[in-house]
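# coords below, sequence missing:
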């Protein structure tokens, strides 16, 4: 498998000038990216901002040469920062993004892009007004299997795309949550937090332009006053159907759907039983568990900073098990890439990347796209308008459930035809 970088932003195969990056919100979302930023040549991690003094201290201890700030405003005033990664709580995504854009910074904002479309539109206008880049990042659409699925669809080797189905069963609702994460008005719950992973992936595979959404949302754990389930049916403008499900209550896990999987994700079975008992009795120290996932905690090291052995197989996790159906075949994840079922049989395509794995997985592609857009003027595919399309469909999940009717979409955009133009792998090369 090969990916060819933009020559305009490389020199002798090396990055000519790394982006000087700052991170606003060095919490759990930020912790997922720190290992990648340490080693990605596209990035020079130079600053971080957080309101939590313990988090700031640990950030400075790990990165003694960085600048540490106690507010987003202070970081954005740093004249040396060129790009800002926004991983603050969801309710601050729009505010912090606009703040950074107004200070002339290029921005990557994690999912969900914002809490509503009005905020998303303000973010897009701020980027345009200040002549800087706005990228909607942090989705599973960047992983190699999803990118390969799209390339196979676009190649026409299996005929036209006929349907997409994705189903996730996770332990998301059992993971430690802060007070704001338990408030739907502040972006709490499975639809806001996990819907973008599935929807962004679906849009990448299908070309971008969804037409409508019909869905329902479930909420049935007293200890968690947020939605923990959704089931949706979507259609693209050409009529291609999509089904998507996410159950985050952690009884059955999607990893059990593959022969090589086990009943474990963030927690194994015994740990899930213990967490539920502590939640039911009010004895769980959730703030301590949350801090343990942030920078410097034992859970951060275990979950986000480990290197996955090259032979460790993929299992369904937050995105879930995804199956693509075309006229002349089907595609799904395999242990190390994809299974392609076509008229010649079953093909097991190895997509193991020659780059770091683990908590950050294959998310370096996000930094590559951002870097090449800022430094080399390449197309920013996951820009603000694309992000708003994913947000619109995410909000439609909840709106449809509330109104018990289909919701029509009006802010969808097509994926650029040159997306992933240089991403190749043996199945396509041998066609």
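Yep, it's here. Quantities reported herein were computed from a predicted structural model and do not represent experimental measurements.
# how does this protein divide into domains?
Domain ranges of the chain: 7-139+365-376, 149-356+384-429, per automatic domain parsing.
# Buried deepest among those, which one?
domain 7-139+365-376 (a mean of 20; mean count of other Cβ atoms under 10 Å). The C-beta positions use only the backbone N, C-alpha and C, and glycine is treated the same way.
# circling back: could you dump the domains of the chain into a markdown table with mean pLDDT added?
Converted to a markdown table, the domains of the chain look like this (pLDDT from 0 to 100):
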| stretch | mean pLDDT |
| --- | --- |
| domain 7-139+365-376 | 91 |
| domain 149-356+384-429 | 93 |
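# and stretch 251-266, how far out from the chain's middle?
Relative to its chain's centre, stretch 251-266 lies at 20 Å (Cα atoms, centre = their mean, to the nearest Å).
# And that stretch, end to end?
Distance across stretch 251-266, first residue to last, is 13 Å (Cα to Cα, to the nearest Å).
# so residue 232, which of the three states?
What DSSP: H, G, I helix; E, B strand; the rest coil gives for residue 232 is strand.
# Need the three-state assignment for the residue lying closest to it once chain neighbours are set aside.
For residue 232, ignoring the flanking residues on the chain, the nearest one in space by Cβ to Cβ, 6 or more residues apart in numbering is residue 215 at 3.6 Å. What three-state DSSP gives for residue 215 is strand.
# Now the residue nearest the centre of the chain. Nearest residue, chain neighbours left out?
Nearest to the mean C-alpha position of the chain, by Cα atoms, centre = their mean, lies residue 139 at 1.9 Å. Leaving aside its sequence neighbours, residue 139 sits nearest to residue 200 (Cβ to Cβ, 6+ apart; 4.1 Å).
# Make sure that neighbour is indeed in a strand.
No. The assignment for residue 200 (three-state DSSP) gives helix, which keeps it out of a strand.
# thought it was touching residue 141?
Yes. Judged on Cβ atoms under 8 Å, residue 200 makes contact with residue 141 at a distance of 4.8 Å.
# Grab the longest helix from the protein for me.
helix 384-403 (DSSP state H).
# same for that helix, what does it pack against?
Counting contacts by 3 or more Cβ pairs under 8 Å, 6 or more residues apart in numbering; DSSP states H and E, helix 384-403 is packed against helix 117-130, strand 134-136, helix 190-206, strand 210-218, strand 229-236, strand 407-408.
# so what does the last one touch, helix or strand wise?
Spelled out, that is strand 407-408. The helices and strands touching strand 407-408, judged by 3+ Cβ pairs under 8 Å, 6+ apart, are strand 210-218, helix 384-403.
# Contacts for that strand, please.
For strand 407-408, the surrounding residues in contact (Cβ atoms under 8 Å, 6 or more residues apart in numbering) are 211, 212, 213, 214, 396, 399, 400.
# from those residues, which two are the most distant?
211 and 399 (15.0 Å; Cβ to Cβ).
# Starting from residue 179, give me the distance back to the closest residue to residue 171 other than its chain neighbours.
In space, and not counting its chain neighbours, residue 171 is closest to residue 250: 3.4 Å by Cβ to Cβ, 6+ apart. Using Cβ to Cβ, to the nearest Å, residue 250 is found at 21 Å from residue 179.
# show me where the stretch 201-350 of the chain has helices.
Secondary structure of the stretch 201-350 of the chain by DSSP state H, counting those that start in this stretch: the helices cover 269-281, 286-293, 298-304.
# now the shortest one, how far from the chain's geometric center?
Averaging C-alpha coordinates over helix 298-304 and over its chain gives two centres that are 18 Å apart (Cα atoms, centre = their mean).
# Show me what that helix is packed up against.
helix 28-39, helix 286-293.
# Let me know whether residue 56 touches residue 26 as I believe.
Yes. The pair residue 56 / residue 26 is scored as a contact, 7.5 Å apart, by Cβ under 8 Å.
# which neighbours do those two share?
Contact criterion Cβ under 8 Å, 6+ apart; residues shared by residue 56 and residue 26: 48, 50.
# tell me the contacts of residue 399?
Neighbours of residue 399 in contact, by Cβ under 8 Å, 6+ apart: residue 407.
# where's residue 113, which helix or strand?
Using DSSP states H and E, residue 113 sits within no helix or strand.
# Tell me how far it lies from residue 219.
As for residue 113, its distance to residue 219 is 23 Å (criterion: Cβ to Cβ).
# same question, residue 95
As defined by Cβ to Cβ, residue 95 lies at a distance of 27 Å from residue 219.
# With residue 128 instead?
For residue 128, the distance to residue 219 - Cβ to Cβ - is 38 Å.
# Next: residue 137.
28 Å.
# just residue 182 next, same as before
11 Å.
# intersection of neighbour lists for those two?
By Cβ under 8 Å, 6+ apart, residue 182 and residue 219 have these common neighbours: 225, 226.
# Run through the residues that contact the closest residue to residue 190 other than its chain neighbours.
Nearest residue to residue 190, sequence neighbours excluded (Cβ to Cβ, 6+ apart): residue 248, at 4.9 Å. Contacts were defined as Cβ under 8 Å, 6+ apart; by that measure residue 248 touches 168, 170, 171, 172, 173, 190, 194, 228, 229.
# swap in residue 385?
If you count contacts by Cβ under 8 Å, 6+ apart, then residue 385 has 124, 411, 413 around it.
# which one of those residues sits closest to residue 205?
Nearest to residue 205 among the contacts of residue 385 is residue 413, at 15.1 Å by Cβ to Cβ.
# quick one: residue 327 and residue 156 touch, right?
No. Using Cβ under 8 Å, residue 327 makes no contact with residue 156, being 9.5 Å away.
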